[in-house]
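J.: sequence and computational prediction follow.
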Amino acid sequence: MIYISFSLKSESIAFENSENLEKLYNSVYKPLIKILNQNPEFKFSISLNGSLISFLKRKRKEYITVLRQLVDSKQVEIIGGTYFDAILPLLLTVDRNGQIDKLTSEIRQTIGVRPRGINLFSDCWDSSMVNTLQVCGIEYALLNENIIPIEKRQFLPIIMTNLGKSIEIFPTYSNFIPISQTEPEKFVNNILKNERSLNKKSYYLHYEPNRIINIEFKPENLIDLLESHWFEKLIAYLKENPSIEIETTTTQNYRKNNNAKIPAHISCGMNNSSIHFSYNRNTSIYDYLDYYPLAKNLYNRLSYMEMLINQYKGDKMRKITAREKLWAAQNGHALVFSNNGNYISTAYRQKAYQDLIEADKIIREEGNFKEYLSRFDYNSDGLEEYVCQMKNYFSYISPVGGAIQELDILKSSGNYADNLFRQGEFDGVTDNYERGIFIDHLFNEEQLKSYIEGNPVEEGIFSRIIYKEVKFVASHREIQMEAHAYLPKSKQNIKLRKKYIINSDGMMIQYIIKNESNSPLISNFAVESNIASTNFDENNISYYKQEVLSDQNLLELDSSLKTSSQKRLSKNLEKTCLVRLTDLDHGISLSFEPNEDCSYSYYPLIFKRPDSNDDLHPVHLTFVSTLYWKLKLDPGCETEKTINFSITSVKKQRK
């Protein structure tokens with residue numbers, strides 16, 4: 001007998017709100033339960049995450065009643081997971097267990113059964129999961145076949161042992177997922193053909209003739225099948241052909257009646273459908289994070305907040321509430337692709353930062369919070385970063401480019417330093433440095449003109465240098481760094497000293513540029529700040545309000561256009577003494593005030609990335625705001641430039 005175990009995976013739910021959940025319910029869950037209710041011999045497994053269970057309890061109690069009846073009759077099995085669709089290998093043990101136990105408790109209270117199996121977000125797996133799942137009372141996991149060694153894909157369950165504990169693994173076979181145009185006969189024959197081919201060379205056939213093929217659907221895969229009544233056609237075909245030894249089952253029913261398992265060790269892996277790059281081995285979630293810097297940055301922030309919350313020794317209820325916010329931020333959609341297949345989901349990622357900000361505020365509000373500046377390897381790159389935990393914001397400064405690479409303002413607005421960099425295959429051009437706030441460049445006239453037009457930086461020099469620490473005084477919140485550069489065209493050595501003085505509402509950045517060559521330095525010194533849109537929506541792009549005080553005139557710029565295309569502004573921006581970008585949606589204003597007049601350049605930068613069909617979509621918006629000065633330094637001479645950066649609250653704009 002060949003058993004087919006169909007299951008519905010809940011992880012691809014759209015950005016959770018009542019409207020999207022209602023659409024999902026009407027297009028997937030409601031018609032599926034109707035089919036099951038009308039065909040008692042047809043078996044199916046369903047997974048529910050926390051947001052969906054909460055929605056059903058509030059809005060669709062009758063659905064839960066029917067679902068309980070189907071579960072009691074063994075026609076439906078409920079698959080477990082994590083409450084907030086977290087990526088388990090990335091979490092500390094306390095958060096792994098907590099996320100699984102929270103969903104398990106919710107399912108038990110709502111449906112009346114404890115789930116025995118689990119599916120994992122993007123099938124992210126590592127060997128430590130064996131211990132985690134067993135401790136949480138999970139008996140088996142569903143994993144994509146691509147993670148399983150080829151020789152172990154025998155349409156049989158796998159048993160994996162690690163450090164004396166074991167767990168069963170059932171491969172899910174994506175190549176058998178039907179589409180609405182697939183005839184049931186063709187679907188069945190394809191399964192029989194593959195099973196017969198396997199039998200000819202299978203070592204395991206003699207002790208277990210009954211095979212199981214797990215086919216896992218995401219909601220978007222199921223919609224067309226339900227609308228075309230594909231499952232009803234399959235049920236009818238199997239009834240008309242009783243000689244075909246194929247039967248639907250649930251994984252738990254199969255486990256009760258079939259004991260054979262294939263021993264295997266699976267060290268790591270994740271579902272390759274979520275990845276736009278490939279290795280010659282199983283790609284792990286850690287490989288993924290190394291390839292996508294924005295995801296890695298969020299992971300670093302998650303890890304830091306995990307540490308702060310676990311070390312918190314104050315009020316117990318406050319700690320529990322902060323941990324709930326942390327768990328919500330651990331939603332896998334913020335790190336891996338969103339449900340529409342986009343390269344990276346800005347909305348999910350910024351929502352995660354907002355939840356982390358809320359968690360941070362909760363453990364601060366007890367009254368014992370003290371501002372501090374610390375130095376350690378925050379992002380695990382082998383270099384020490386400077387972490388600023390201030391009253392109104394969290395930030396860290398990287399020695400790479402000497403720039404701010406994260407700016408979380410404690411008004412639940414998100415991370416304003418959450419920046420992509422351009423890639424040729426998607427954006428037409430490629431940046432050769434990591435974007436941040438207070439990135440330093442040195443340009444000649446030709447390079448500056450090209451830069452103002454929004455072209456990639458060819459030289460820039462200091463944007464690609466690792467700054468060395470000169471002085472660090474945590475008590476005074478002072479950081480001094482320096483970098484040395486060589487200009488090959490003019491054969492000149494330049495030293496740049498950069499000092500940060502951190503305060504509760506911003507910081508002061510001082511630059512000292514010294515010409516260490518034997519000839520005059522004629523150049524342009526530019527300080528670039530990339531301010532990310534924290535509420536980007538490709539269908540409704542909103543731009544920040546932008547004001548410039550230049551030559552005693554207050555100008556409001558059109559922030560949807562670069563300054564070089566607004567001809568009337570070109571002369572007016574040469575005596576800039578204040579720049580202010582305001583996020584009216586969140587009521588945050590960021591101001592840059594140089595100590596002496598400078599020129600100003602700005603352009604909006606919209607990044608495009610592929611969806612699951614490789615069609616390019618806008619996914620991110622950054623405001624590139626640059627102050628620059630003309631330099632003329634004789635040999636051995638130096639000059640000083642200072643920028644006061646401040647964060648203020650303004651009145652929100654109603655939508």
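T.: Received the coordinates, thanks. Numbering: from 1, shown residues only.
J.: now do the buried residues in the strand ranked longest in the chain.
T.: Counting residues, the longest strand found in the chain (DSSP state E) is strand 616-633. Within strand 616-633, the residues that count as buried by 16 or more other CB atoms under 10 Å are 618-629, 631, 633. In this view, the C-beta of every residue, glycine as well, is placed from N, C-alpha and C.
J.: can you put the residues you listed in JSON lines and add distance to Ser559 and pLDDT?
T.: Putting those into JSON lines (distance: CB to CB, whole Å; pLDDT from 0 to 100) gives the following:
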{"residue": "Pro618", "distance to Ser559": "16", "pLDDT": "88"}
{"residue": "Val619", "distance to Ser559": "19", "pLDDT": "87"}
{"residue": "His620", "distance to Ser559": "16", "pLDDT": "90"}
{"residue": "Leu621", "distance to Ser559": "10", "pLDDT": "94"}
{"residue": "Thr622", "distance to Ser559": "12", "pLDDT": "96"}
{"residue": "Phe623", "distance to Ser559": "7", "pLDDT": "96"}
{"residue": "Val624", "distance to Ser559": "11", "pLDDT": "96"}
{"residue": "Ser625", "distance to Ser559": "10", "pLDDT": "96"}
{"residue": "Thr626", "distance to Ser559": "14", "pLDDT": "96"}
{"residue": "Leu627", "distance to Ser559": "16", "pLDDT": "97"}
{"residue": "Tyr628", "distance to Ser559": "19", "pLDDT": "96"}
{"residue": "Trp629", "distance to Ser559": "23", "pLDDT": "96"}
{"residue": "Leu631", "distance to Ser559": "28", "pLDDT": "94"}
{"residue": "Leu633", "distance to Ser559": "34", "pLDDT": "95"}
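J.: which one of those is nearest Ile169?
T.: Val619 (33.9 Å; CB to CB).
J.: which element is the closest residue to that closest one other than its chain neighbours on?
T.: Closest residue in space to Val619, ignoring its immediate chain neighbours: Arg609 at 4.7 Å, by CB to CB, 6 or more residues apart in numbering. Mapping Arg609 onto the secondary structure by DSSP states H and E places it in strand 599-610.
J.: and the angle for that strand with strand 616-633?
T.: With axes from the mean of the first three to the mean of the last three CA atoms, to 10 degrees as the basis, strand 599-610 and strand 616-633 are set at 150 degrees to each other.
J.: let's see strand 599-610 as CSV, backbone CA atoms only.
T.: Coordinates of each C-alpha in strand 599-610 appear next as CSV, following Å, rounded to 0.1, in the frame of the first residue of the first chain:
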residue,chain,number,x,y,z
SER,A,599,26.6,72.2,-0.1
TYR,A,600,23.8,69.6,0.0
SER,A,601,22.9,66.7,-2.3
TYR,A,602,19.9,64.4,-2.0
TYR,A,603,18.2,61.6,-4.0
PRO,A,604,15.7,58.9,-3.2
LEU,A,605,16.8,55.4,-3.9
ILE,A,606,14.2,52.7,-4.6
PHE,A,607,15.6,49.1,-4.7
LYS,A,608,14.0,46.3,-6.7
ARG,A,609,14.2,42.6,-6.0
PRO,A,610,12.7,39.5,-7.6
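J.: what's that strand packed up against?
T.: Using 3 or more CB pairs under 8 Å, 6 or more residues apart in numbering; DSSP states H and E as the contact criterion, the secondary-structure elements in contact with strand 599-610 are helix 424-427, helix 445-452, strand 545-550, strand 576-583, strand 616-633.
J.: list the buried residues for the shortest one?
T.: It refers to helix 424-427. Neighbour counts over helix 424-427 (16+ other CB under 10 Å) mark Phe426, Asp427 as buried.
J.: so what touches that helix?
T.: Taking contacts as CB atoms under 8 Å, 6 or more residues apart in numbering, the residues outside helix 424-427 that touch it are Tyr343, Thr430, Phe607, Lys608, Arg609, Pro610, Leu616.
J.: which of these lies closest to Asn392?
T.: When those are compared for distance to Asn392, the smallest value, 28.3 Å, is given by Phe607; criterion: CB to CB.
J.: related to what we said a few turns ago, what strands line up against the strand holding Arg609, and which way round?
T.: Strand 599-610 has its sheet partners listed here by DSSP bridges as strand 616-633 (antiparallel).
J.: give me the contacts around the helix or strand following the partner strand.
T.: Downstream of strand 616-633, the first helix or strand assigned by DSSP H and E is strand 638-649. Strand 638-649 is contacted from outside by 392-393, 409, 411, 438, 505-515, 525, 527, 587-596, 598, 627, 629, 631, 633, using CB under 8 Å, 6+ apart.
J.: now list the buried members of the residues you listed.
T.: Among the contacts of strand 638-649, those classed as buried by 16+ other CB under 10 Å are 393, 409, 411, 438, 506-515, 525, 527, 587-594, 598, 627, 629, 631, 633.
J.: where does the protein dip in pLDDT?
T.: For the chain, applying pLDDT under 70 flags the ranges 11-16, 199-208, 273-282, 337-344, 567-571, 612, 654-655.
J.: let me see the contact set for the residue nearest to Glu478 when sequence neighbours are not counted.
T.: Of all residues not flanking Glu478 in the chain, Ile501 sits nearest, at 5.5 Å (CB to CB, 6+ apart). Applying CB under 8 Å, 6+ apart, one finds that Ile501 lies in contact with His476, Arg477, Glu478, Met507, Met508, Gln510.
J.: from these, pick the one nearest Glu434.
T.: Minimum separation from Glu434 among these (CB to CB) is found for Met507, which lies at 19.5 Å.
J.: hey, C-alpha coordinates of the longest strand of the chain in CSV?
T.: Once side chains and other backbone atoms are set aside, the C-alpha atoms of strand 616-633 remain, and they are given as CSV (Å, rounded to 0.1, in the frame of the first residue of the first chain):
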residue,chain,number,x,y,z
LEU,A,616,11.3,42.7,-10.1
HIS,A,617,9.3,44.7,-7.5
PRO,A,618,10.1,47.7,-5.4
VAL,A,619,10.9,46.4,-2.0
HIS,A,620,12.8,49.2,-0.2
LEU,A,621,13.3,53.0,-0.2
THR,A,622,16.3,54.9,1.2
PHE,A,623,16.8,58.7,1.3
VAL,A,624,20.4,59.4,0.4
SER,A,625,21.2,62.8,2.2
THR,A,626,24.7,64.2,1.8
LEU,A,627,26.5,67.2,3.1
TYR,A,628,29.8,68.1,1.4
TRP,A,629,32.5,70.7,1.5
LYS,A,630,35.2,71.8,-1.0
LEU,A,631,38.7,71.2,0.4
LYS,A,632,42.0,73.0,-0.4
LEU,A,633,44.7,71.9,2.1
